[in-house]
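S.K.: The sequence isn't on hand, but the structure is:
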(Lines give C-alpha, C1' and ligand atoms only; values in the text may rest on other atoms or scores of the structure.)
Protein backbone atom coordinates (compact mmCIF):
# COMPACT_ATOMS: atom_id res chain seq x y z
CA UNK A 1 0.00 0.00 0.00
CA UNK A 2 2.74 2.42 0.99
CA UNK A 3 4.86 1.36 -1.98
CA UNK A 4 2.00 2.06 -4.33
CA UNK A 5 1.63 5.49 -2.81
CA UNK A 6 5.30 6.25 -3.42
CA UNK A 7 5.05 5.13 -7.02
CA UNK A 8 2.19 7.48 -7.53
CA UNK A 9 4.20 10.35 -6.13
CA UNK A 10 7.15 9.63 -8.40
CA UNK A 11 4.83 9.53 -11.40
CA UNK A 12 3.23 12.82 -10.42
CA UNK A 13 6.64 14.42 -10.04
CA UNK A 14 7.79 13.11 -13.41
CA UNK A 15 4.65 14.54 -14.97
CA UNK A 16 5.28 17.92 -13.34
CA UNK A 17 8.88 18.10 -14.55
CA UNK A 18 7.91 17.04 -18.04
CA UNK A 19 5.10 19.56 -18.19
CA UNK A 20 7.35 22.45 -17.14
CA UNK A 21 10.06 21.33 -19.58
CA UNK A 22 7.56 21.15 -22.41
CA UNK A 23 6.25 24.64 -21.69
CA UNK A 24 9.76 26.06 -21.43
CA UNK A 25 10.87 24.34 -24.62
CA UNK A 26 8.02 25.93 -26.56
CA UNK A 27 9.58 29.28 -25.65
CA UNK A 28 13.14 28.13 -26.29
CA UNK A 29 12.71 26.59 -29.76
CA UNK A 30 13.02 29.97 -31.54
CA UNK A 31 16.02 30.90 -29.37
CA UNK A 32 17.77 27.67 -30.35
CA UNK A 33 16.90 28.22 -34.01
CA UNK A 34 18.46 31.70 -33.80
CA UNK A 35 21.67 30.33 -32.29
CA UNK A 36 21.73 27.45 -34.79
CA UNK A 37 21.25 29.83 -37.71
CA UNK A 38 23.96 32.18 -36.47
CA UNK A 39 26.57 29.45 -37.04
CA UNK A 40 24.92 28.07 -40.18
CA UNK A 41 26.69 28.95 -43.43
CA UNK A 42 23.45 28.50 -45.40
CA UNK A 43 21.14 30.33 -42.99
CA UNK A 44 19.46 32.12 -45.87
CA UNK A 45 19.07 29.18 -48.23
CA UNK A 46 15.71 28.48 -49.85
CA UNK A 47 15.53 25.12 -48.07
CA UNK A 48 14.65 26.28 -44.57
CA UNK A 49 17.05 25.45 -41.74
CA UNK A 50 19.29 23.24 -43.90
CA UNK A 51 22.70 22.88 -42.24
CA UNK A 52 25.39 24.02 -44.65
CA UNK A 53 28.32 23.78 -42.30
CA UNK A 54 29.81 25.73 -39.43
CA UNK A 55 30.84 29.31 -40.06
CA UNK A 56 31.56 32.55 -38.26
CA UNK A 57 30.88 34.67 -41.35
CA UNK A 58 27.45 35.60 -40.02
CA UNK A 59 29.14 37.33 -37.10
CA UNK A 60 31.41 39.24 -39.46
CA UNK A 61 28.31 40.37 -41.33
CA UNK A 62 27.18 42.37 -38.27
CA UNK A 63 30.04 44.76 -39.02
CA UNK A 64 29.96 44.66 -42.80
CA UNK A 65 26.25 44.81 -43.72
CA UNK A 66 25.49 48.51 -43.61
CA UNK A 67 21.70 48.13 -43.37
CA UNK A 68 22.07 45.74 -40.49
CA UNK A 69 24.57 47.66 -38.41
CA UNK A 70 22.92 51.03 -38.92
CA UNK A 71 19.63 49.53 -37.72
CA UNK A 72 21.39 48.08 -34.67
CA UNK A 73 23.05 51.40 -33.87
CA UNK A 74 19.75 53.25 -34.39
CA UNK A 75 18.04 50.81 -32.01
CA UNK A 76 20.66 51.29 -29.33
CA UNK A 77 20.64 55.07 -29.76
CA UNK A 78 16.86 55.38 -29.43
CA UNK A 79 16.55 52.89 -26.57
CA UNK A 80 19.41 54.41 -24.61
CA UNK A 81 18.09 57.97 -24.79
CA UNK A 82 14.45 56.94 -24.40
CA UNK A 83 15.26 54.91 -21.28
CA UNK A 84 17.35 57.73 -19.83
CA UNK A 85 14.73 60.43 -20.37
CA UNK A 86 11.74 58.21 -19.54
CA UNK A 87 13.34 57.23 -16.22
CA UNK A 88 14.03 60.84 -15.22
CA UNK A 89 10.66 62.14 -16.37
CA UNK A 90 8.90 59.13 -14.84
CA UNK A 91 10.66 59.66 -11.52
CA UNK A 92 9.80 63.35 -11.16
CA UNK A 93 6.28 62.82 -12.49
CA UNK A 94 5.76 60.09 -9.88
CA UNK A 95 6.79 62.52 -7.15
CA UNK A 96 4.36 65.04 -8.59
CA UNK A 97 1.51 62.54 -8.92
CA UNK A 98 2.13 61.30 -5.38
CA UNK A 99 1.63 64.85 -4.09
CA UNK A 100 -1.71 65.36 -5.87
CA UNK A 101 -5.04 65.33 -4.05
CA UNK A 102 -7.33 62.35 -4.49
CA UNK A 103 -9.40 63.65 -7.38
CA UNK A 104 -6.49 64.91 -9.50
CA UNK A 105 -4.63 61.73 -8.66
CA UNK A 106 -7.41 59.58 -10.06
CA UNK A 107 -7.49 61.55 -13.30
CA UNK A 108 -3.73 61.26 -13.69
CA UNK A 109 -3.77 57.53 -12.96
CA UNK A 110 -6.37 57.09 -15.65
CA UNK A 111 -4.48 59.16 -18.25
CA UNK A 112 -1.26 57.34 -17.38
CA UNK A 113 -2.90 53.97 -17.94
CA UNK A 114 -4.05 54.80 -21.46
CA UNK A 115 -0.67 54.24 -23.18
CA UNK A 116 -0.38 50.86 -21.42
CA UNK A 117 -3.88 49.63 -22.21
CA UNK A 118 -4.20 51.09 -25.66
CA UNK A 119 -3.04 48.87 -28.48
CA UNK A 120 0.47 49.45 -29.78
CA UNK A 121 -0.83 50.04 -33.28
CA UNK A 122 -3.11 52.88 -32.15
CA UNK A 123 -0.31 54.40 -30.05
CA UNK A 124 2.02 54.27 -33.05
CA UNK A 125 -0.55 55.79 -35.36
CA UNK A 126 -1.47 58.51 -32.83
CA UNK A 127 2.12 59.68 -32.62
CA UNK A 128 2.56 59.44 -36.36
CA UNK A 129 -0.51 61.65 -36.86
CA UNK A 130 0.73 64.25 -34.36
CA UNK A 131 4.09 64.45 -36.09
CA UNK A 132 2.48 64.51 -39.52
CA UNK A 133 0.84 67.77 -38.40
CA UNK A 134 4.35 69.14 -37.86
CA UNK A 135 5.54 68.00 -41.29
CA UNK A 136 4.76 71.30 -43.06
CA UNK A 137 7.11 73.08 -40.62
CA UNK A 138 9.74 70.33 -40.22
CA UNK A 139 9.63 68.23 -43.41
CA UNK A 140 12.27 65.78 -42.14
CA UNK A 141 10.85 65.28 -38.66
CA UNK A 142 10.39 61.51 -39.08
CA UNK A 143 13.37 59.52 -37.90
CA UNK A 144 15.23 59.74 -34.62
CA UNK A 145 13.01 62.34 -32.98
CA UNK A 146 9.68 60.70 -33.76
CA UNK A 147 10.90 57.31 -32.62
CA UNK A 148 12.51 58.81 -29.53
CA UNK A 149 9.31 60.63 -28.50
CA UNK A 150 7.26 57.50 -29.15
CA UNK A 151 9.54 55.33 -27.05
CA UNK A 152 9.63 57.85 -24.21
CA UNK A 153 5.85 58.01 -24.43
CA UNK A 154 5.15 54.31 -24.13
CA UNK A 155 7.85 53.55 -21.53
CA UNK A 156 7.11 56.33 -18.98
CA UNK A 157 3.92 54.63 -17.68
CA UNK A 158 5.92 51.50 -16.85
CA UNK A 159 8.56 53.55 -15.01
CA UNK A 160 5.81 55.29 -13.03
CA UNK A 161 4.13 51.95 -12.36
CA UNK A 162 7.36 50.74 -10.73
CA UNK A 163 8.19 53.92 -8.77
CA UNK A 164 4.80 55.17 -7.56
CA UNK A 165 3.95 52.23 -5.24
CA UNK A 166 7.41 52.48 -3.63
CA UNK A 167 6.95 56.21 -3.21
CA UNK A 168 3.66 55.65 -1.41
CA UNK A 169 5.41 53.35 1.04
CA UNK A 170 8.22 55.81 1.68
CA UNK A 171 8.05 57.34 5.13
CA UNK A 172 7.33 61.03 4.72
CA UNK A 173 8.85 61.78 8.12
CA UNK A 174 12.27 61.17 6.58
CA UNK A 175 11.66 64.13 4.33
CA UNK A 176 10.24 66.19 7.22
CA UNK A 177 13.30 65.36 9.32
CA UNK A 178 15.62 66.58 6.58
CA UNK A 179 13.55 69.76 6.31
CA UNK A 180 13.63 70.31 10.09
CA UNK A 181 17.39 70.01 10.00
CA UNK A 182 17.43 72.94 7.60
CA UNK A 183 17.69 71.12 4.30
CA UNK A 184 16.04 72.99 1.40
CA UNK A 185 13.05 71.11 -0.09
CA UNK A 186 14.57 70.16 -3.42
CA UNK A 187 17.79 69.03 -1.79
CA UNK A 188 15.82 66.93 0.69
CA UNK A 189 14.08 65.31 -2.25
CA UNK A 190 17.35 64.58 -4.04
CA UNK A 191 19.29 63.43 -0.98
CA UNK A 192 16.64 61.57 1.02
CA UNK A 193 13.65 60.50 -1.07
CA UNK A 194 15.24 59.62 -4.40
CA UNK A 195 18.04 57.42 -2.95
CA UNK A 196 15.40 55.42 -1.08
CA UNK A 197 13.75 54.68 -4.43
CA UNK A 198 16.90 53.47 -6.19
CA UNK A 199 15.77 49.84 -6.65
CA UNK A 200 12.42 50.88 -8.12
CA UNK A 201 14.14 53.41 -10.41
CA UNK A 202 16.54 50.74 -11.65
CA UNK A 203 13.76 48.18 -12.27
CA UNK A 204 11.74 50.83 -14.08
CA UNK A 205 14.71 51.72 -16.28
CA UNK A 206 15.37 48.05 -17.01
CA UNK A 207 11.76 47.45 -18.04
CA UNK A 208 11.79 50.60 -20.17
CA UNK A 209 14.94 49.50 -21.98
CA UNK A 210 13.68 45.95 -22.52
CA UNK A 211 10.40 47.19 -24.01
CA UNK A 212 12.08 49.85 -26.09
CA UNK A 213 14.80 47.69 -27.67
CA UNK A 214 12.29 44.99 -28.63
CA UNK A 215 9.56 47.28 -29.94
CA UNK A 216 8.27 46.67 -33.44
CA UNK A 217 4.80 48.14 -34.00
CA UNK A 218 5.25 51.63 -32.52
CA UNK A 219 8.62 52.02 -34.24
CA UNK A 220 7.05 50.82 -37.49
CA UNK A 221 4.89 53.94 -37.56
CA UNK A 222 7.49 56.39 -36.29
CA UNK A 223 10.50 55.37 -38.39
CA UNK A 224 11.43 57.33 -41.46
CA UNK A 225 14.11 59.05 -43.53
CA UNK A 226 16.35 56.00 -43.31
CA UNK A 227 16.15 55.82 -39.53
CA UNK A 228 14.76 52.50 -38.33
CA UNK A 229 15.37 49.94 -35.61
CA UNK A 230 16.48 46.32 -35.48
CA UNK A 231 12.97 44.80 -35.30
CA UNK A 232 11.88 46.79 -38.31
CA UNK A 233 15.04 45.89 -40.20
CA UNK A 234 14.26 42.19 -39.62
CA UNK A 235 10.65 42.66 -40.72
CA UNK A 236 11.32 44.69 -43.86
CA UNK A 237 14.44 42.77 -44.91
CA UNK A 238 12.63 39.47 -44.47
CA UNK A 239 9.65 40.56 -46.54
CA UNK A 240 11.94 42.08 -49.21
CA UNK A 241 14.05 38.91 -49.20
CA UNK A 242 17.37 40.70 -48.61
CA UNK A 243 17.60 39.50 -45.04
CA UNK A 244 21.10 39.26 -43.58
CA UNK A 245 21.98 36.16 -41.55
CA UNK A 246 24.00 38.59 -39.44
CA UNK A 247 20.71 39.35 -37.65
CA UNK A 248 20.76 35.87 -36.14
CA UNK A 249 24.41 36.32 -35.23
CA UNK A 250 23.78 39.68 -33.57
CA UNK A 251 20.91 38.26 -31.56
CA UNK A 252 22.92 35.19 -30.55
CA UNK A 253 25.81 37.42 -29.52
CA UNK A 254 23.47 39.47 -27.35
CA UNK A 255 22.15 36.30 -25.70
CA UNK A 256 25.68 35.04 -24.98
CA UNK A 257 26.80 38.38 -23.55
CA UNK A 258 23.76 38.76 -21.28
CA UNK A 259 24.14 35.16 -20.13
CA UNK A 260 27.80 35.79 -19.30
CA UNK A 261 26.90 38.95 -17.37
CA UNK A 262 24.14 37.19 -15.41
CA UNK A 263 26.45 34.25 -14.70
CA UNK A 264 29.19 36.59 -13.51
CA UNK A 265 26.90 38.48 -11.14
CA UNK A 266 25.24 35.37 -9.72
CA UNK A 267 28.66 33.84 -9.08
CA UNK A 268 29.79 37.00 -7.34
CA UNK A 269 26.68 37.26 -5.19
CA UNK A 270 27.02 33.55 -4.35
CA UNK A 271 30.59 34.08 -3.24
CA UNK A 272 29.55 37.09 -1.20
CA UNK A 273 26.72 35.12 0.42
CA UNK A 274 29.15 32.35 1.32
CA UNK A 275 31.65 34.81 2.79
CA UNK A 276 28.85 36.36 4.80
CA UNK A 277 27.93 32.95 6.19
CA UNK A 278 31.49 32.22 7.25
CA UNK A 279 31.80 35.53 9.03
CA UNK A 280 28.63 34.84 10.94
CA UNK B 1 6.03 66.44 0.17
CA UNK B 2 2.79 68.06 -1.00
CA UNK B 3 4.71 71.02 -2.38
CA UNK B 4 5.97 68.91 -5.33
CA UNK B 5 2.51 68.80 -6.93
CA UNK B 6 3.80 70.98 -9.76
CA UNK B 7 6.10 68.19 -10.93
CA UNK B 8 3.05 66.39 -12.32
CA UNK B 9 2.20 69.29 -14.64
CA UNK B 10 4.77 68.68 -17.43
CA UNK B 11 3.73 65.03 -17.68
CA UNK B 12 0.07 66.06 -17.72
CA UNK B 13 0.72 68.44 -20.62
CA UNK B 14 2.71 65.73 -22.40
CA UNK B 15 -0.18 63.26 -22.00
CA UNK B 16 -2.68 65.79 -23.30
CA UNK B 17 -0.51 66.33 -26.36
CA UNK B 18 0.06 62.67 -27.09
CA UNK B 19 -3.17 61.06 -25.84
CA UNK B 20 -5.98 63.59 -26.07
CA UNK B 21 -4.85 65.57 -29.11
CA UNK B 22 -4.45 62.48 -31.37
CA UNK B 23 -7.99 61.39 -30.46
CA UNK B 24 -9.33 64.80 -31.50
CA UNK B 25 -7.33 64.82 -34.75
CA UNK B 26 -8.48 61.27 -35.53
CA UNK B 27 -12.09 62.17 -34.87
CA UNK B 28 -11.78 65.11 -37.26
CA UNK B 29 -10.15 62.84 -39.84
CA UNK B 30 -13.05 60.39 -39.76
CA UNK B 31 -15.46 63.08 -41.00
CA UNK B 32 -13.31 63.97 -43.96
CA UNK B 33 -12.05 62.63 -47.20
CA UNK B 34 -8.41 63.65 -47.45
CA UNK B 35 -5.29 62.46 -49.18
CA UNK B 36 -3.29 61.18 -46.21
CA UNK B 37 -2.63 64.03 -43.80
CA UNK B 38 -2.92 66.64 -46.53
CA UNK B 39 -5.78 68.88 -45.39
CA UNK B 40 -5.57 71.31 -48.33
CA UNK B 41 -7.70 69.12 -50.60
CA UNK B 42 -9.81 67.69 -47.79
CA UNK B 43 -13.58 67.60 -48.01
CA UNK B 44 -16.23 66.82 -45.48
CA UNK B 45 -17.39 63.28 -46.09
CA UNK B 46 -18.88 60.28 -44.36
CA UNK B 47 -17.22 57.75 -46.66
CA UNK B 48 -15.25 56.27 -43.79
CA UNK B 49 -18.44 55.47 -41.90
CA UNK B 50 -20.05 54.00 -45.00
CA UNK B 51 -17.13 51.59 -45.34
CA UNK B 52 -17.80 50.21 -41.87
CA UNK B 53 -20.63 48.17 -43.37
CA UNK B 54 -18.06 46.10 -45.28
CA UNK B 55 -18.41 42.53 -43.93
CA UNK B 56 -14.62 42.01 -44.03
CA UNK B 57 -14.26 44.43 -41.11
CA UNK B 58 -16.59 42.56 -38.83
CA UNK B 59 -14.80 39.38 -39.89
CA UNK B 60 -11.39 40.81 -38.96
CA UNK B 61 -12.67 41.98 -35.57
CA UNK B 62 -14.30 38.61 -34.92
CA UNK B 63 -11.15 36.77 -35.99
CA UNK B 64 -9.02 38.94 -33.67
CA UNK B 65 -11.27 38.08 -30.76
CA UNK B 66 -11.16 34.37 -31.65
CA UNK B 67 -7.35 34.33 -31.91
CA UNK B 68 -6.97 36.30 -28.66
CA UNK B 69 -9.52 34.11 -26.87
CA UNK B 70 -7.77 30.85 -27.73
CA UNK B 71 -4.39 32.38 -26.97
CA UNK B 72 -5.59 33.32 -23.49
CA UNK B 73 -7.18 29.90 -22.87
CA UNK B 74 -4.03 28.02 -23.93
CA UNK B 75 -1.81 30.41 -21.97
CA UNK B 76 -3.83 29.73 -18.81
CA UNK B 77 -3.84 25.97 -19.46
CA UNK B 78 -0.05 25.96 -19.87
CA UNK B 79 0.91 28.87 -17.63
CA UNK B 80 -1.11 28.15 -14.50
CA UNK B 81 0.21 24.60 -13.93
CA UNK B 82 3.76 25.77 -14.70
CA UNK B 83 3.58 28.59 -12.17
CA UNK B 84 1.87 26.28 -9.68
CA UNK B 85 4.37 23.41 -10.00
CA UNK B 86 7.34 25.73 -9.61
CA UNK B 87 5.88 27.75 -6.76
CA UNK B 88 4.84 24.65 -4.79
CA UNK B 89 7.97 22.66 -5.53
CA UNK B 90 10.80 22.38 -3.07
CA UNK B 91 13.31 23.73 -5.58
CA UNK B 92 16.08 25.68 -3.91
CA UNK B 93 16.79 28.06 -6.71
CA UNK B 94 13.50 29.51 -7.89
CA UNK B 95 15.32 32.59 -9.16
CA UNK B 96 16.94 30.38 -11.77
CA UNK B 97 13.49 29.41 -13.00
CA UNK B 98 12.47 33.05 -13.29
CA UNK B 99 15.64 33.69 -15.24
CA UNK B 100 14.80 30.78 -17.56
CA UNK B 101 11.46 32.45 -18.24
CA UNK B 102 12.96 35.84 -19.00
CA UNK B 103 15.82 34.58 -21.15
CA UNK B 104 13.77 33.93 -24.35
CA UNK B 105 12.43 37.48 -24.15
CA UNK B 106 15.96 38.80 -24.63
CA UNK B 107 15.83 37.53 -28.17
CA UNK B 108 14.26 39.97 -30.56
CA UNK B 109 10.55 39.16 -30.90
CA UNK B 110 10.49 39.75 -34.66
CA UNK B 111 13.44 37.41 -35.14
CA UNK B 112 11.71 34.75 -33.03
CA UNK B 113 8.65 35.01 -35.29
CA UNK B 114 10.86 34.66 -38.37
CA UNK B 115 12.49 31.59 -36.77
CA UNK B 116 9.08 29.98 -36.29
CA UNK B 117 8.26 30.74 -39.89
CA UNK B 118 11.47 29.02 -41.03
CA UNK B 119 10.66 26.04 -38.83
CA UNK B 120 7.11 25.76 -40.14
CA UNK B 121 8.33 25.75 -43.73
CA UNK B 122 10.82 22.92 -43.11
CA UNK B 123 10.31 19.79 -45.19
CA UNK B 124 8.81 17.69 -42.40
CA UNK B 125 6.48 20.40 -41.14
CA UNK B 126 5.54 21.99 -44.47
CA UNK B 127 3.27 19.04 -45.17
CA UNK B 128 1.09 20.19 -42.27
CA UNK B 129 0.42 23.46 -44.11
CA UNK B 130 0.67 25.45 -40.91
CA UNK B 131 1.61 28.74 -42.51
CA UNK B 132 -1.34 30.99 -43.12
CA UNK B 133 -3.66 29.27 -40.65
CA UNK B 134 -5.26 30.49 -37.45
CA UNK B 135 -3.82 27.65 -35.30
CA UNK B 136 -0.25 28.54 -36.33
CA UNK B 137 -0.85 32.22 -35.52
CA UNK B 138 -2.38 31.24 -32.16
CA UNK B 139 0.53 28.90 -31.42
CA UNK B 140 3.19 31.56 -32.07
CA UNK B 141 1.20 34.15 -30.13
CA UNK B 142 1.03 31.75 -27.18
CA UNK B 143 4.79 31.13 -27.17
CA UNK B 144 5.42 34.88 -27.41
CA UNK B 145 3.14 35.98 -24.57
CA UNK B 146 3.23 32.96 -22.25
CA UNK B 147 5.67 34.62 -19.78
CA UNK B 148 3.13 37.42 -19.27
CA UNK B 149 0.67 34.82 -18.01
CA UNK B 150 3.13 32.85 -15.89
CA UNK B 151 4.69 35.85 -14.10
CA UNK B 152 1.62 37.36 -12.44
CA UNK B 153 0.27 33.94 -11.43
CA UNK B 154 3.63 32.92 -10.03
CA UNK B 155 3.97 36.17 -8.05
CA UNK B 156 0.53 35.72 -6.47
CA UNK B 157 1.18 32.07 -5.64
CA UNK B 158 4.52 32.94 -4.02
CA UNK B 159 2.93 35.59 -1.82
CA UNK B 160 0.09 33.30 -0.76
CA UNK B 161 -0.05 32.29 2.89
CA UNK B 162 0.76 28.56 2.89
CA UNK B 163 -0.81 28.05 6.30
CA UNK B 164 -4.23 28.43 4.65
CA UNK B 165 -3.65 25.28 2.61
CA UNK B 166 -2.24 23.52 5.63
CA UNK B 167 -5.33 24.43 7.61
CA UNK B 168 -7.52 23.04 4.87
CA UNK B 169 -5.44 19.85 4.81
CA UNK B 170 -5.61 19.51 8.60
CA UNK B 171 -9.37 19.75 8.43
CA UNK B 172 -9.35 16.70 6.18
CA UNK B 173 -10.24 18.39 2.90
CA UNK B 174 -8.91 16.42 -0.09
CA UNK B 175 -6.08 18.04 -2.04
CA UNK B 176 -8.12 18.75 -5.18
CA UNK B 177 -10.84 20.42 -3.15
CA UNK B 178 -8.28 22.52 -1.29
CA UNK B 179 -6.98 23.64 -4.67
CA UNK B 180 -10.44 24.52 -5.99
CA UNK B 181 -11.71 26.18 -2.81
CA UNK B 182 -8.56 27.85 -1.45
CA UNK B 183 -5.62 28.13 -3.85
CA UNK B 184 -7.47 28.89 -7.07
CA UNK B 185 -9.76 31.64 -5.73
CA UNK B 186 -6.80 33.30 -3.99
CA UNK B 187 -4.72 33.27 -7.16
CA UNK B 188 -7.45 34.70 -9.39
CA UNK B 189 -5.98 38.21 -9.22
CA UNK B 190 -2.82 36.90 -10.86
CA UNK B 191 -4.83 35.07 -13.50
CA UNK B 192 -6.90 38.14 -14.33
CA UNK B 193 -3.89 40.42 -14.75
CA UNK B 194 -2.35 37.70 -16.89
CA UNK B 195 -5.50 37.59 -19.03
CA UNK B 196 -5.35 41.35 -19.65
CA UNK B 197 -1.62 41.26 -20.39
CA UNK B 198 -2.03 38.46 -22.94
CA UNK B 199 -5.42 39.29 -24.46
CA UNK B 200 -4.72 42.90 -25.41
CA UNK B 201 -1.51 42.38 -27.42
CA UNK B 202 -2.85 39.13 -28.90
CA UNK B 203 -6.00 40.82 -30.18
CA UNK B 204 -4.35 43.96 -31.51
CA UNK B 205 -0.95 42.84 -32.79
CA UNK B 206 -0.18 42.58 -36.46
CA UNK B 207 3.39 41.31 -36.64
CA UNK B 208 2.58 37.65 -35.96
CA UNK B 209 -0.53 37.49 -38.11
CA UNK B 210 1.28 39.28 -40.95
CA UNK B 211 4.38 37.06 -40.86
CA UNK B 212 2.94 33.67 -39.88
CA UNK B 213 -0.46 34.34 -41.47
CA UNK B 214 1.10 35.38 -44.80
CA UNK B 215 -1.84 37.63 -45.58
CA UNK B 216 -4.36 34.82 -45.12
CA UNK B 217 -5.06 35.53 -41.46
CA UNK B 218 -6.52 39.00 -41.18
CA UNK B 219 -6.85 40.54 -37.75
CA UNK B 220 -7.98 44.06 -36.96
CA UNK B 221 -4.32 45.10 -36.70
CA UNK B 222 -3.60 43.91 -40.24
CA UNK B 223 -6.66 45.71 -41.48
CA UNK B 224 -5.63 49.03 -39.89
CA UNK B 225 -2.10 48.64 -41.16
CA UNK B 226 -3.18 47.96 -44.75
CA UNK B 227 -5.63 50.88 -44.70
CA UNK B 228 -2.91 53.29 -43.57
CA UNK B 229 -0.54 51.82 -46.13
CA UNK B 230 -3.05 52.80 -48.81
CA UNK B 231 -2.89 56.34 -47.42
CA UNK B 232 -6.55 56.25 -46.38
CA UNK B 233 -6.12 58.06 -43.09
CA UNK B 234 -9.84 58.74 -42.73
CA UNK B 235 -10.95 55.14 -42.59
CA UNK B 236 -7.77 54.18 -40.72
CA UNK B 237 -8.50 56.77 -38.03
CA UNK B 238 -12.05 55.48 -37.70
CA UNK B 239 -10.84 51.89 -37.32
CA UNK B 240 -8.24 53.00 -34.73
CA UNK B 241 -10.92 54.75 -32.67
CA UNK B 242 -13.18 51.72 -33.02
CA UNK B 243 -10.39 49.42 -31.84
CA UNK B 244 -9.67 51.64 -28.82
CA UNK B 245 -13.36 51.66 -27.90
CA UNK B 246 -13.52 47.86 -28.15
CA UNK B 247 -10.39 47.50 -25.99
CA UNK B 248 -11.69 49.94 -23.36
CA UNK B 249 -15.07 48.18 -23.33
CA UNK B 250 -13.42 44.79 -22.83
CA UNK B 251 -11.22 46.09 -20.01
CA UNK B 252 -14.14 47.84 -18.30
CA UNK B 253 -16.40 44.77 -18.52
CA UNK B 254 -13.58 42.57 -17.27
CA UNK B 255 -12.80 44.86 -14.32
CA UNK B 256 -16.50 45.11 -13.56
CA UNK B 257 -16.81 41.32 -13.43
CA UNK B 258 -13.78 41.13 -11.12
CA UNK B 259 -15.05 43.90 -8.93
CA UNK B 260 -18.58 42.54 -8.83
CA UNK B 261 -17.29 39.19 -7.67
CA UNK B 262 -15.35 40.75 -4.83
CA UNK B 263 -18.33 42.78 -3.66
CA UNK B 264 -20.63 39.80 -3.73
CA UNK B 265 -18.14 37.91 -1.62
CA UNK B 266 -17.88 40.73 0.88
CA UNK B 267 -21.61 40.65 1.37
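M.R.: Here it is on my side, so go on. Treat the numbers as computed from the prediction; the structure is a model and nothing was measured.

S.K.: So residue A:42: helix, strand or coil?
M.R.: What DSSP: H, G, I helix; E, B strand; the rest coil gives for residue A:42 is coil.

S.K.: Phi, psi for the closest residue in space to it that isn't next to it in sequence please.
M.R.: Leaving aside its chain neighbours, residue A:42 sits nearest to residue A:52 (2.9 Å; criterion: Cβ to Cβ, 6 or more residues apart in numbering or on different chains). Glycine gets a C-beta too; all of them are placed from N, C-alpha and C. Main-chain dihedrals, residue A:52, degrees, to the nearest 10: phi -110, psi 10.

S.K.: right, and residue A:52 touches residue A:39 too?
M.R.: No. Counting by Cβ atoms under 8 Å, residue A:52 does not reach residue A:39; the two are 10.2 Å apart.

S.K.: more crowded one of those two?
M.R.: Neighbours per residue, other Cβ atoms under 10 Å in any protein chain shown: of residue A:52 and residue A:39, the larger number sits with residue A:39, 19 against 12.

S.K.: what helix or strand is residue B:252 on?
M.R.: Assessed by DSSP states H and E, residue B:252 sits inside helix B:233-266.

S.K.: helices or strands up against that helix?
M.R.: Packing partners of helix B:233-266 (3 or more Cβ pairs under 8 Å, 6 or more residues apart in numbering or on different chains; DSSP states H and E): helix A:102-117, helix A:120-134, helix B:21-30, strand B:32-35, helix B:47-51, helix B:184-204, helix B:220-229.

S.K.: closest to residue A:264 out of these?
M.R.: Closest to residue A:264 of the helices and strands packed on helix B:233-266, according to Cβ to Cβ: helix B:184-204, at 31.0 Å.

S.K.: Run through the residues of the stretch 51-200 of chain B sitting next to chain A.
M.R.: Residues of the stretch 51-200 of chain B found near chain A (Cβ under 8 Å from any Cβ of the partner chain) are B:78-79, B:81-82, B:85-86, B:89, B:99-101, B:103-116, B:118-119, B:121-123, B:142-143, B:146-147, B:200.

S.K.: In helices, which of those residues fall?
M.R.: Judged by DSSP state H, those include B:78-79, B:81-82, B:85-86, B:99-101, B:109-116, B:118-119, B:123, B:142-143, B:146-147, B:200 as members of helices.

S.K.: Sort out which of these are buried, if you could.
M.R.: B:78-79, B:81-82, B:85-86, B:101, B:109-116, B:118-119, B:142-143, B:146-147, B:200 (16 or more other Cβ atoms under 10 Å in any protein chain shown).

S.K.: Check whichever residue of the stretch 151-267 of chain B sits closest to chain A and give its pLDDT.
M.R.: The stretch 151-267 of chain B approaches chain A most closely through residue B:204 (3.3 Å), counting by Cβ to the nearest Cβ. Note on residue B:204: pLDDT of 91.

S.K.: Residue B:27 now?
M.R.: At residue B:27, the model reports a pLDDT of 91.

S.K.: Could I get the contacting residues of it?
M.R.: By Cβ atoms under 8 Å, 6 or more residues apart in numbering or on different chains, the contact set of residue B:27 is B:237, B:241.

S.K.: next one: residue B:221
M.R.: So residue B:221 contacts A:119, A:121, A:217, B:64, B:204-206, B:209 (Cβ under 8 Å, 6+ apart).

S.K.: separation between residue B:138 and residue B:66?
M.R.: Distance, residue B:138 to residue B:66, by Cβ to Cβ, to the nearest Å: 9 Å.

S.K.: tell me the contacts of residue B:119?
M.R.: Residues near residue B:119 by Cβ under 8 Å, 6+ apart: A:29-30, A:33, A:48-49, B:125.
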